[in-house]
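Enquirer: sequence plus the predicted model coming up.
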Amino acid sequence: MTGGRSFVADEMSYDIFSQAAQALKAPQGVDALGGLQVENVLAIGASQSAGRMTVYYNSVLPQIEPVFDGYAFVVGTAPTRVGPEPVFQILSETDVRTPTRPADTDHFRRWEVAGAAHSGFHGNAYRRPLVDRDLGGAAPVTCDRPPLSHVPLHQVLGAAYDHLVRSVEDGTPPPTAEPLAFNPDGTTARDDLGIARGGIRLSRVEVPTAVNTGDNSGSGFCRLFGSYEPFDAATLDQLYPSHDAYADMVKSVGRANVAAGYIGDQDAHRNKLEANRSDVGG
């Protein structure tokens, strides 16, 4: 898609993006959705795609007829231009490197998830069969700390998408969330266990059985993987006097996060079942 090599920096990708959405929203000729009626079209980009979508929103959208009804920028940049459409930015701990942030507004929300990684355990597990099929497996990496945070960022994303739809449909802005905390020297503030303070706090960080962070270093994409370092038995025994105590704490945190709008009921239930089946405090 270079227009006879007149455009070699993917400039045409922005119009392709718009045209694809338009083909779903108002089909002419071929109906890709087989007659299903489209109520809203959301633009969602993660990581590199969030960066491309930021350019689209800031520079391309003001020049064209809008097609998308709402935008989500995941683990990446978000636009600086203020437009009429709802904009949601969801970041892992990896992606938050400065205490300087844009302010929330009626049209913009930003969530930061403590302990989560740009590319953590769950995302890598989801992609592994595809990488094995298409690439013959992922290349081994050696990170300076045990890689792949286990904090389920995808649970927060699911709730965020639901909020974005409501914001589009009736103008209800998503709930606000506490940002990650920083030290005066600009580093991420951490508790005595090494877990980030502030941010959206899922049970993996609020009732920890390991230190999950968004930080790492080493070869390849280690800087995006975060870290996961399980506690030893003595630490677990000190934190949780019984299995029931641990499971009840996970359940309580789940209820609080559902009430705040940060995860859905099904994910809270899933986390509770996982805690019940564990041997923590056993």
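Expert: The structure has been received and is ready for your questions.

Enquirer: distance of the spatially closest residue to Asp279 that is not a sequence neighbour from Gly29?
Expert: Of all residues not flanking Asp279 in the chain, His243 sits nearest, at 7.4 Å (Cβ to Cβ, 6 or more residues apart in numbering). The C-beta positions use only the backbone N, C-alpha and C, and glycine is treated the same way. Plainly put, His243 is 61 Å away from Gly29 if you go by Cβ to Cβ, to the nearest Å.

Enquirer: who's more crowded, these two?
Expert: The residue with more neighbours, out of His243 and Gly29, is His243; 15 against 5, by other Cβ atoms under 10 Å.

Enquirer: hang on, Lys272 in a helix?
Expert: Yes. Under DSSP: H, G, I helix; E, B strand; the rest coil, Lys272 falls within a helix.

Enquirer: now do the same contact list for it.
Expert: By Cβ atoms under 8 Å, 6 or more residues apart in numbering, the residues touching Lys272 are 247, 250-251, 254.

Enquirer: again, 10 Å this time
Expert: Contacts for Lys272 (Cβ atoms under 10 Å, 6 or more residues apart in numbering) come out as 203, 247-248, 250-255.

Enquirer: now Leu61. Nearest residue, chain neighbours left out?
Expert: Gly83 (6.8 Å).

Enquirer: list the contacts for that neighbour?
Expert: By Cβ under 10 Å, 6+ apart, the contact set of Gly83 is 57-58, 61-62, 66, 71, 107-108.

Enquirer: nearest to Gln22, of those residues?
Expert: If you rank these by distance to Gln22 using Cβ to Cβ, Pro66 comes first, at 10.4 Å.

Enquirer: my read: that closest one touches Tyr56, true?
Expert: No. Under the criterion of Cβ atoms under 10 Å, Pro66 makes no contact with Tyr56, lying 11.1 Å away.

Enquirer: touching both of these two, which residues are there?
Expert: With Cβ under 10 Å, 6+ apart, Pro66 and Tyr56 have common neighbours Ser18.

Enquirer: want to try TSV for the contacts of Gly83, with pLDDT, secondary structure and distance to His163 as columns?
Expert: Below are the contacts of Gly83 laid out as TSV (pLDDT from 0 to 100; DSSP: H, G, I helix; E, B strand; the rest coil; distance: Cβ to Cβ, whole Å):
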residue	pLDDT	secondary structure	distance to His163
Tyr57	97	helix	19
Asn58	97	helix	23
Leu61	96	helix	21
Pro62	95	helix	25
Pro66	94	coil	20
Tyr71	98	strand	13
His107	94	coil	13
Phe108	97	strand	12
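
Enquirer: filter those to the buried ones?
Expert: 57, 61, 71, 107-108 (16 or more other Cβ atoms under 10 Å).

Enquirer: follow-up on the earlier one: Asp162: which of the contacts of Lys272 is nearest?
Expert: Using Cβ to Cβ, Gly254 comes nearest to Asp162 of the contacts of Lys272, at 16.6 Å.

Enquirer: what's the pLDDT at the closest one?
Expert: The score at Gly254 is 98. That number is its pLDDT.

Enquirer: what sits against the nearest residue to it once chain neighbours are set aside?
Expert: Nearest residue to Gly254, sequence neighbours excluded (Cβ to Cβ, 6+ apart): Ala268, at 3.4 Å. By Cβ under 10 Å, 6+ apart, the contact set of Ala268 is 155, 202-203, 250-251, 253-259, 262.

Enquirer: hmm, Glu240 is touching Met249, no?
Expert: Not Glu; residue 240 is Tyr. Yes. Tyr240 lies in contact with Met249 (Cβ under 10 Å); the separation is 7.6 Å.

Enquirer: residues shared between the contacts of those two?
Expert: Counting by Cβ under 10 Å, 6+ apart, the residues touching both Tyr240 and Met249 are 207, 281.
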